[in-house]
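Build me a model:
(one chain, ligands or ions: 1)
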Amino acid sequence: MTSVDFVDAIALAKHRQNFEETEHTRAYREMLAAVRGFQNAVVQANPSPEQLEQMTTSLQQMQAMLEAQALPEVERWYGRGGGRDGKLQLVTPQLIFEEVEDDRIHAHTTAGEFYIGMNGAMHGGIVATIFDALLGRMAAGTQGRVCRTAYLTTEYKAITPLNQRLDLVAKVESVERRKRFVTGQLWHGDTLCATADALFIEMLPGQQ
Ligand SMILES: CCCCCCCCCCCCCC(=O)SCCNC(=O)CCNC(=O)[C@H](O)C(C)(C)COP(=O)(O)OP(=O)(O)OC[C@H]1O[C@@H](n2cnc3c(N)ncnc32)[C@H](O)[C@@H]1OP(=O)(O)O
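Predicted coordinates for the structure are as follows:
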């Protein structure tokens, strides 16, 4: 089996939904958490020349080790999972899904320094990426529908802080044939930091 067998998005998603949490994959999740910790540390420090040399050498060694084991997308653990602790991914801060219903989701997250824009505020592109992941999960619903984002509009109402709990709410507003219109809100306590509305289209067999 190669990744070429899975240009069909539905077949790829179905195959990747079969994901067993084992000791080995839990260790992979822990490694990704360590990468997140590293990313947070790396953006906050100005290491000395000696430290930089040491870090660059170590990182190059780890990169070479991983490159020697690279797999086609269909076989990778990255991007899989999807229970309460969300997917095994690094593109957004980890999302914790508290309630997942077919028309409503409540989740939360805490974004570290890696996701900084400027002056303590989260980068706006990360806010939009969080909404894409949250609203994509909403469009998938409890049935695991395979959908793609047709549009996603984000409004930034207040600074989204780092290192603080953020609450995320998603809702399905309406459904028309393959179209799922969904909205999202990102809260810090009582402050509404950002909102989004998006259209997700359910994939047809054969579509990439
Ligand atoms: C439990 C399991 C959990 C699983 C968790 C999964 C979580 C995943 C989370 C991660 C998620 C991350 C997800 C990602 O990041 S996906 C990556 C980002 N998105 C893309 O790359 C998508 C690129 N675009 C396309 O592939 C196509 O355009 C799609 C597939 C979207 C539609 O092309 P397709 O040929 O299939 O459909 P159609 O053109 O006949 O249109 C169909 C209908 O839609 C209407 N329309 C289309 N576009 C727009 C528009 N912009 N505004 C308003 N309306 C629009 C259109 O008028 C028509 O309406 P109607 O005639 O029916 O009335």
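
rest of the way, CA atoms for contacts and neighbours
Fine.

Identify the residues contacting stretch 51-65?
For stretch 51-65, contacts defined as CA atoms under 8 Å, 6 or more residues apart in numbering pick out no residues.

and with 10 Å instead?
Residues from elsewhere that reach stretch 51-65 (CA atoms under 10 Å, 6 or more residues apart in numbering): Asn46, Pro47, Ser48, Pro49, Glu50, Leu66, Glu67.

What residues sit buried inside the strand or helix carrying Leu199?
Following DSSP states H and E, one finds Leu199 within strand 191-202. By neighbour count on 16 or more other CA atoms under 10 Å, the buried set for strand 191-202 is Leu192, Cys193, Ala194, Thr195, Ala196, Asp197, Ala198, Leu199, Phe200, Ile201, Glu202.

Bridged to the fourth one, which residues?
Meaning Thr195. Per DSSP bridges, residues listed as beta-bridge partners of Thr195: Glu155, Gln185.

who's in contact with it?
Residues in contact with Thr195 (CA under 10 Å, 6+ apart) are 127-128, 131, 153-157, 168-170, 183-187.

Drop anything exposed from those.
In terms of neighbour count (16+ other CA under 10 Å), the buried residues within these are Val127, Ala128, Phe131, Thr154, Leu168, Val169, Ala170, Thr183, Gly184, Gln185, Leu186, Trp187.

which one of those sits closest to the ligand?
Nearest to the ligand out of the buried ones among the contacts of Thr195 is Phe131 (CA to the nearest ligand atom; 9.1 Å).

Double-check that Glu53 belongs to a helix.
Yes. In this structure, Glu53 lies within a helix as judged by DSSP: H, G, I helix; E, B strand; the rest coil.

Before we move on, what's the pLDDT of it?
We note a pLDDT of 98 for Glu53 in this prediction.

ok, it to the ligand distance?
Distance of Glu53 to the ligand, computed by CA to the nearest ligand atom, to the nearest Å: 37 Å.

if I look at that residue, how far off is Tyr28?
Counting by CA to CA, to the nearest Å, the gap from Glu53 to Tyr28 is 27 Å.

Settle it for me: which of the two has more neighbours?
Counting neighbours by other CA atoms under 10 Å for Glu53 and for Tyr28 shows that Tyr28 has the greater number, 15 against 12.

I figured that one hits Gly79, correct?
No. Shown here, Tyr28 and Gly79 do not form a contact pair, counting by CA atoms under 10 Å, at 11.7 Å.

anything in contact with each of these two?
Common contact partners of Tyr28 and Gly79 (CA under 10 Å, 6+ apart): Leu88.

Tell me, how many residues neighbour the closest residue to Asp102 other than its chain neighbours?
Closest residue to Asp102 apart from its sequence neighbours, by CA to CA, 6 or more residues apart in numbering: Gly141 at 4.7 Å. Using other CA under 10 Å, Gly141 has 18 neighbouring residues.
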